[in-house]
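Visitor: model this:
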Amino acid sequence: MQKYQRAFQIRAMASMLIKPASNVVRPIPRQQLRPITNATKPDFVPSLLSVPRVSAKPGGWHPTLIHSSGEVKFTVIRLAPNGGEVPIHKHTHVWDYFMPLSGEAVIETRTKDGVKQDFEMKPGSFLAVGPEGVHRVVNWSEKEEFVFFIAQSPRAKYDFVADDGAGGEHGP
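Guide: Just a heads-up that it's a prediction; the model follows:
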């Protein structure tokens with residue numbers, strides 16, 4: 001019992017040594033806060049838009065790897081106008097985080113339960129697609145390229161999905 005009383009006394013003495021004002025967490029003034037979407041604001045976008053263009057993959061998409069480690073991959077992807085697309089695919093374990101930088105496109109999704117939903121994407125928007133979520137990104141603009149930043153974690157391969165030709169998809 002004395003051991004616990006001694007520990008209590010030490011804590012009590014320590015709390016007297018701490019000045020009350022020095023251990024108070026003060027809120028950050030509102031004017032110093034920056035929105036969470038800063039990555040898509042104009043002052044951050046030019047550096048991502050200036051990444052070198054790489055050769056197109058089938059479907060008219062140009063992925064440029066920014067960073068890759070064992071746990072995360074950052075890529076800037078450019079989609080050509082008139083139907084440029086990242087083909088329909090899913091990831092077994094990966095989350096995709098989409099952040100449009102310029103242009104507009106549609107991300108078509110289907111959950112593992114079969115629920116379909118389309119998301120219109122433009123600068124300032126954000127979309128996360130979880131594991132097993134079937135999705136594709138399509139640029140329907142006739143003139144403008146669609147450029148987006150994508151973070152993927154954990155890092156893994158794509159599982160491409162076959163199109164049944166009638167607008168539906170079926171697994172590999």
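Visitor: Pairing-wise in the sheet, spell out the partners of residue 105.
Guide: Residue 105 has these beta-bridge partners by DSSP bridges: residue 121.
Visitor: Next up, the contacts around residue 85.
Guide: The contact partners of residue 85, taken as CB atoms under 8 Å, 6 or more residues apart in numbering, are 59-61, 79, 136-139. Every residue, glycine included, has its C-beta placed from N, CA and C.
Visitor: got any ranges where this protein has weak pLDDT?
Guide: Filtered on pLDDT under 70, the chain yields the residue ranges 1-47, 49-50, 52-54, 158, 160, 162-172.
Visitor: mind listing the strands in it by residue range?
Guide: Remark: strands assigned in the chain by DSSP state E are 61-68, 73-79, 85-90, 95-102, 105-110, 116-121, 127-129, 134-138, 146-153, 159-160, 162-163, 169-170.
Visitor: Pairing partners for the third one, with directions?
Guide: When sheet partners are counted by DSSP bridges, strand 85-90 sits next to strand 134-138 (antiparallel), strand 159-160 (antiparallel).
Visitor: Can you check what angle separates the first one from strand 95-102?
Guide: Same thing as strand 134-138. Angle of strand 134-138 versus strand 95-102, following axes from the mean of the first three to the mean of the last three CA atoms, to 10 degrees, is 10 degrees.
Visitor: who touches strand 134-138?
Guide: Here strand 134-138 has contacts from 61, 77, 79, 83-90, 96, 98, 105-111, 121, 129, 146, 148, 161, 169, using CB under 8 Å, 6+ apart.
Visitor: mind redoing it with 6 Å?
Guide: Under the contact criterion CB atoms under 6 Å, 6 or more residues apart in numbering, strand 134-138 has outside partners 85-88, 90, 105-110, 129, 161.
Visitor: domains of the protein?
Guide: 2-30, 38-170 (automatic domain parsing).
Visitor: coming back round to it: now the strands of the chain as JSON lines including distance to residue 51?
Guide: Listed next are those as JSON lines, based on distance: least, CB to CB, whole Å:
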{"stretch": "strand 61-68", "distance to residue 51": "5"}
{"stretch": "strand 73-79", "distance to residue 51": "5"}
{"stretch": "strand 85-90", "distance to residue 51": "17"}
{"stretch": "strand 95-102", "distance to residue 51": "10"}
{"stretch": "strand 105-110", "distance to residue 51": "18"}
{"stretch": "strand 116-121", "distance to residue 51": "19"}
{"stretch": "strand 127-129", "distance to residue 51": "21"}
{"stretch": "strand 134-138", "distance to residue 51": "17"}
{"stretch": "strand 146-153", "distance to residue 51": "9"}
{"stretch": "strand 159-160", "distance to residue 51": "24"}
{"stretch": "strand 162-163", "distance to residue 51": "30"}
{"stretch": "strand 169-170", "distance to residue 51": "30"}
